[in-house]
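Undergrad: show me the folded form of this:
(chains A and B)
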Amino acid sequence: MGLILKYNIRNLFVRRVSTLMTLAGIAMVVAVFLVLMALAQGILSIGEVTGDPNQAIILQKGTNAETSSGIRDEAADQVENIAAIPRDAAGPVVSRDLFIVIMLTRIGGGSPVNVVVRGVTPRAFDVHAEVRVDGGRRPKGNEIVVGRAIASRFEKLGVGDKVRFGRRDWTVVGHFDAGGASWESEIWADLTELQADARRGNSVSSLYVRLNRPEDLGTINDALAAVSDTKELKAMSVRDYFAGQTGTARALQVVGGFITFLLSLGAGLGAMNTMYAAIGNRAREIGTLRALGFGRFVILASFLFESALIGLAGGLLGCLIALPVNGLQTGTMNWVSFSESAFRFQITPLMLAFGLAIGGFVGALGGFLPALAAARRPILASLRAT
Amino acid sequence: MSDVLVEVAGVTKEYRRDDQAITVLEQLSLTIPRGDFLALMGPSGSGKTTLLNLLAGIDQPTAGRITVDNKVITGLGEGALAKWRSRTTGFIFQLYNLIPVLTAYENVELPLLLTSLSRAERRQHVMHALDIVGLADRAKHFPRQLSGGQEQRVSIARAIVVDPLLLLADEPTGDLDAKSAEEILTLLQRLNREFRKTIVMVTHDPKAAARASRTLHLEKGKLVEAAA
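TA: Here you go, the predicted model:
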């Protein structure tokens, strides 16, 4: 049946203009779909990358954000006594973090936006093993290190620059990488210095701990509840914590899916229009094929193939249009910390496959009724058409 | 093997147009022996093309029965009839009905796709058919690159490529100049005499009918005695 397919393919070239217009319509749908999904995937990946199942965060009960959580020094000391928390030569592997939001101006101006400053002890680098500071220099005194994702997006965050927030000027002594994790959108300072600058005394916002195994979370929560100093605290896995923060991405996926669906209907109707015109112009050819002995099914399949082929080509073009956004970096508001989270658009092979499938499906769907009409038309009626 | 290839027995064909039944063929009976070259003549609306379509199995009678090569084709289902057409009949259209996007070779190959022949066997059949109509050198040409007479010859090659029992031609010279028409008629005559093809040809043109071995006249859906 290669010849019949050749017949369909050559006809696409005969009516170049209408083929191209239909194809372009479908390409736009696929491109919009891919860009929206790449955006959602980018936001999601912050949570996924950050979500090491062996990391847990301990917060005050009643809050799901570090911004609004406070933990006193005594409680933090108690937590370090919990048996399920691993220890090394330097003691329990617990990172005490102070979480503060400041305002910085983006490169290119505009009004300042919120950025997270995290006060950390050297322990932070043990708990968050994925964090690597260029040159290995960790902040002391008035020094800060800046996550790679925001270093290039804000003014005065280059190594050696001084930036003012709180009650003093801070010197950037390094940039750090965290493999795409959320920390890359933060500034890290020494905990004691930040506590003093922000007048927070000895209290912290959260504790991060490494777990020997993810199941230890329950044991830790039991241990927290058993002591009066810590019974107002709760532990959750870092993965769950960030999953809660990426609700924006889920919403985006739903909205993106809905927009794609609506656009697909439009493109499908376009394809339908094209195919109705095509079978109208080729009625006599269809009649001839039927008279030669080709069955209705062959006619149906052949026109369905022709339409699906336009759709697939449109899908491919859409992928090519969307592909350049892959890796493009941008920022979004994190609605839990109300601060800037930087991320990259991510187009995955699965998305591309989906894009192609949408194209083919829209083409086939739009071609179905016309192909059916072509197949059902009586031979004599087709032959008499001019 | 019976000498009769086609038997039309009491065939009536009616069309309905708004509640009104129009009788195109009325109680028509005729037999066509093997090897016949029959011309069907008659004024417009006499039912000659309808008769041809019934013989070709692309239309069904309202009443009566048509038998071809001892097989009753009346009442066959859609699929069975399509299969029967592809093996038994070759149809030659007034306007050639070649597929514009396919070459002469590919147009002739089309009916062979419905057989189980291999690509090499198909090639042999196609080239043989094109050779018979004298267009082997035009195999790679598209219909738009051919003259009307050449297009009709490709259409004839397409009709004979499966070596059908019955060739049906609907005004095969109706759209051609006198010289091309002569060539087509000579070709049909040769297919009849040299290759023993049974041919039924609908025509308006007495000169065309004169090339057939016999002529039947239809008027208002009935056969009338031949004038000549």
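Undergrad: what parts of chain B come near chain A?
TA: Counting by Cβ under 8 Å from any Cβ of the partner chain, chain B comes close to chain A at B:53, B:56, B:58-59, B:78-79, B:82-87, B:91, B:93, B:95, B:97, B:99-102, B:106, B:109-111, B:113-114, B:158. No exception for glycine: its C-beta is placed from N, CA and C like everyone else's.
Undergrad: sitting in strands, which of the residues you listed do you find?
TA: If you go by DSSP state E, the residues of chain B next to chain A have B:Phe91 in strands.
Undergrad: the residues of chain B next to chain A in helices, which ones?
TA: Within these, residues falling in helices by DSSP state H are B:53, B:56, B:78-79, B:82-87, B:106, B:109, B:158.
Undergrad: and which of those is nearest B:Met41?
TA: B:Asn53 (16.5 Å; Cβ to Cβ).
Undergrad: would you check how far apart A:Ala84 and A:Val209 are?
TA: With distances taken as Cβ to Cβ, to the nearest Å, A:Ala84 is found 9 Å from A:Val209.
Undergrad: compare neighbour counts for the two and give me the winner.
TA: A:Val209 (26 against 18; other Cβ atoms under 10 Å in any protein chain shown).
Undergrad: rewinding a little: and which of the ones in helices among the residues of chain B next to chain A is nearest A:Leu104?
TA: Closest to A:Leu104, out of all of those and judged by Cβ to Cβ, is B:Glu106, at 68.7 Å.
Undergrad: where do the helices sit along the stretch 101-250 of chain A?
TA: Using DSSP state H, counting those that start in this stretch, the helices of the stretch 101-250 of chain A run over A:124-127, A:148-151, A:191-197, A:216-226, A:238-245, A:247-281.
Undergrad: turn these into CSV, including distance to B:Asp205.
TA: CSV is the format used below for those (distance: least, Cβ to Cβ, whole Å):
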stretch, distance to B:Asp205
helix A:124-127, 98
helix A:148-151, 85
helix A:191-197, 104
helix A:216-226, 96
helix A:238-245, 84
helix A:247-281, 31
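Undergrad: okay, those helices, which one's buried deepest?
TA: Ranked by mean neighbour count, the helices of the stretch 101-250 of chain A are led by helix A:148-151 with a mean of 22 (mean count of other Cβ atoms under 10 Å in any protein chain shown).
Undergrad: for the record, mean pLDDT for that helix?
TA: On average, the pLDDT along helix A:148-151 is 86.
Undergrad: repeat for stretch A:279-287
TA: On average, stretch A:279-287 scores 92.
Undergrad: and the contacts of it?
TA: A:11, A:15, A:299, A:303, A:370-371, A:373-374, A:377, A:379-386, B:95, B:97, B:99-100 (Cβ atoms under 8 Å, 6 or more residues apart in numbering or on different chains).
Undergrad: of those residues, which belong to helices?
TA: Counting by DSSP H, the contacts of stretch A:279-287 contribute A:11, A:299, A:303, A:370-371, A:373-374, A:379-384 to helices.
Undergrad: who wins on neighbours among those residues?
TA: A:Ala374 leads the ones in helices among the contacts of stretch A:279-287 on contacts (other Cβ under 10 Å) with 28 neighbours.
Undergrad: what residues are up against it?
TA: A:279, A:282-283, A:286, A:299-300, A:303.
Undergrad: ok, which pair from these is furthest apart?
TA: Of all pairs in the contacts of A:Ala374, the most separated under Cβ to Cβ is A:Ala283 and A:Leu300 at 14.9 Å.
Undergrad: what are the phi and psi angles of whichever residue of the stretch 201-350 of chain A sits closest to chain B?
TA: Nearest residue of the stretch 201-350 of chain A to chain B, counting by Cβ to the nearest Cβ: A:Gly293, 2.6 Å away. Backbone geometry at A:Gly293, expressed as degrees, to the nearest 10, gives phi 120, psi 0.
Undergrad: hmm, it is touching B:Arg85, no?
TA: Yes. Using Cβ atoms under 8 Å, A:Gly293 is in contact with B:Arg85, at 4.4 Å.
Undergrad: so what's the residue count around A:Gly360?
TA: 21.
Undergrad: lowest mean pLDDT among the helices and strands, pick that one out for the chain.
TA: I'll assume chain A. strand A:329-334 (a mean of 68; mean pLDDT, DSSP states H and E).
Undergrad: ok so, going back, could you dump the ones in helices among the residues of chain B next to chain A to JSON lines with neighbour count?
TA: JSON lines is the format used below for those (neighbours: other Cβ atoms under 10 Å in any protein chain shown):
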{"residue": "B:Asn53", "neighbour count": "21"}
{"residue": "B:Ala56", "neighbour count": "23"}
{"residue": "B:Glu78", "neighbour count": "12"}
{"residue": "B:Gly79", "neighbour count": "11"}
{"residue": "B:Ala82", "neighbour count": "23"}
{"residue": "B:Lys83", "neighbour count": "16"}
{"residue": "B:Trp84", "neighbour count": "17"}
{"residue": "B:Arg85", "neighbour count": "25"}
{"residue": "B:Ser86", "neighbour count": "23"}
{"residue": "B:Arg87", "neighbour count": "14"}
{"residue": "B:Glu106", "neighbour count": "20"}
{"residue": "B:Glu109", "neighbour count": "22"}
{"residue": "B:Arg158", "neighbour count": "30"}
